[in-house]
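Asks: just to be clear, the model below is a prediction. Sequence and coordinates:
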Amino acid sequence: SPSNLQMGESSMLERANCRAKGGAPGFKVAILGAAGGIGQPLAMLMKMNPLVSVLHLYDVVNSPGVTADISHMDTGAVVRGFLGQKELEAALTGMDLVVIPAGVPRKPGMTRDDLFNINAGIVRTLCEGIAKCCPNALVNLISNPVNSTVPIAAEVFKKAGIYDPKKLLGVTMLDVVRANTFVAEVLGLDPREVDVPVVGGHAGVTILPLLSQVKPPCSFTPEETEFLTKRIQDGGTEVVQAKAGAGSATLSMAYAAVKFADLCLRGLRGDAGIVACAYVDSKVTELPFFASKVRLGRGGAEEVYQLGPLNEYERIGLEKAKQELATSIQKGVSFIKK
Ligand code: NAD
Ligand code: LMR
């Protein structure tokens, strides 16, 4: 009966809380947009993460089904579902980390900026909920256009008087995941051995892979540099075209989101030396937001690293990236300030 189900759920929650109190690692994570193309595999992978003790799955449709399904996995995290705006506050209360893949994806022929009109409002509503219910939570923002949605989130948080720049992270990990894969292919290496910093933002020319800083140290011909840079910048479009109207990257994005969220949780736990690329409040350039390597700690992005030495090709790319980024940032800021 429903009451038995509820009793089972609350006693499970109690046990999860006990585990957390007993010193076992256990963070509370919410996914907003959990029934979507990214949300579903992201929820599954989060349920498999031993650092997660409670997993809240929120969407405006279909979250009960996804929750019932995921909750049968015999891993530690307790899963609870939340449906529709009236349950947003309950979904957010007490969360340590909020991951946001809510919003519409691209179809062939669209830019990420074409999603602004719908997704800007969705991100604003969700961030207002965060400001009210879990103002100290770390936020991983996936919804596009990331170059504008992160400034939108920052403005919402500023308006609410709770903005902590260290806690707001635009997720650019998929660009790094793609760069590692494509560079490994060219070098004939295992992608797990390759580390490519990708800076700037998350759209077209704002995605700037620093191929001169690849680990392990290596060199590329001008043709290889051109080919790899373009392929990394157009990776999202490659998937959008292959899916031919059925959406954009979901599975590789869920993988990248969980890889990034796991690093955030390790940082929150106090692990040393956790570094990842993310789009954050930044003083690295003259722009107020920029993606670069950050050190993740108990407070979120505790340190934002400088770009390091760039070659001529990268310096030209940086100027192009900054031009487009400035416009996208301004568009996000004025959406809230207007
Ligand atoms: P999708 O349409 O499959 O899923 C989106 C989900 O969001 C749906 O379940 C929908 O019901 C939900 N949603 C809509 N409005 C909501 C609201 N107000 N509150 C909560 N949930 C709401 O789309 P997808 O393929 O999962 O992509 C989601 C977003 O992620 C898109 O904007 C896409 O462009 C973006 N994305 C970003 C990256 C990145 O690297 N940052 C990568 C891939 C996709
Ligand atoms: C991606 O890089 O795959 C996402 O930003 C989705 C898209 O629209 O390309």
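Replies: Great, that's in hand. Everything numeric here is computed off the predicted structure, so don't read it as measured data. Ligands and ions are numbered 1, 2, ... in the order given.
Asks: counting neighbours, what do you get for E224?
Replies: 15 (other CB atoms under 10 Å). Where you see a C-beta, it was placed from the backbone N, CA and C, and this is true even at glycine.
Asks: next, it: secondary structure please.
Replies: Under DSSP: H, G, I helix; E, B strand; the rest coil, E224 falls in the helix class.
Asks: tell me who's in contact with it.
Replies: E224 sits next to V186 when contact means CB atoms under 8 Å, 6 or more residues apart in numbering.
Asks: do you know how far it is from K166?
Replies: 37 Å (CB to CB, to the nearest Å).
Asks: in the stretch 201-338 of the chain, what residue lies closest to ligand 2?
Replies: Residue nearest to ligand 2 within the stretch 201-338 of the chain: G236 (2.2 Å; CB to the nearest ligand atom).
Asks: now do the stretch 51-200 of the chain
Replies: R106 (3.8 Å).
Asks: and that residue, what's its pLDDT?
Replies: We have a pLDDT of 97 for R106.
Asks: what about stretch 47-56, distance to the chain center?
Replies: Chain-centre distance of stretch 47-56: 17 Å, with CA atoms, centre = their mean, to the nearest Å.
Asks: using PDB, write out every CA atom in that stretch.
Replies: Taking Å, rounded to 0.1, in the frame of the first residue of the first chain, the C-alpha atoms of stretch 47-56 are listed here in PDB:
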ATOM      1  CA  LYS A  47      22.900   6.200  -7.900                       C
ATOM      2  CA  MET A  48      26.100   4.200  -8.500                       C
ATOM      3  CA  ASN A  49      28.300   6.800  -6.800                       C
ATOM      4  CA  PRO A  50      29.300   5.700  -3.300                       C
ATOM      5  CA  LEU A  51      29.700   9.400  -2.200                       C
ATOM      6  CA  VAL A  52      26.000  10.000  -2.700                       C
ATOM      7  CA  SER A  53      23.700   9.100   0.200                       C
ATOM      8  CA  VAL A  54      20.500  10.800  -0.900                       C
ATOM      9  CA  LEU A  55      19.500  11.400  -4.500                       C
ATOM     10  CA  HIS A  56      16.500  13.700  -5.300                       C
END
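Asks: hmm, who's touching that stretch?
Replies: 13, 16-17, 19-20, 24-31, 43, 46, 70, 73, 75-82, 91-92, 94-95, 258, 261-262, 265-266, 269.
Asks: swap in stretch 274-283?
Replies: 146-147, 150, 154, 165-166, 168-173, 175-176, 197-199, 201-202, 260, 263, 266-267, 288-297, 301, 304-305.
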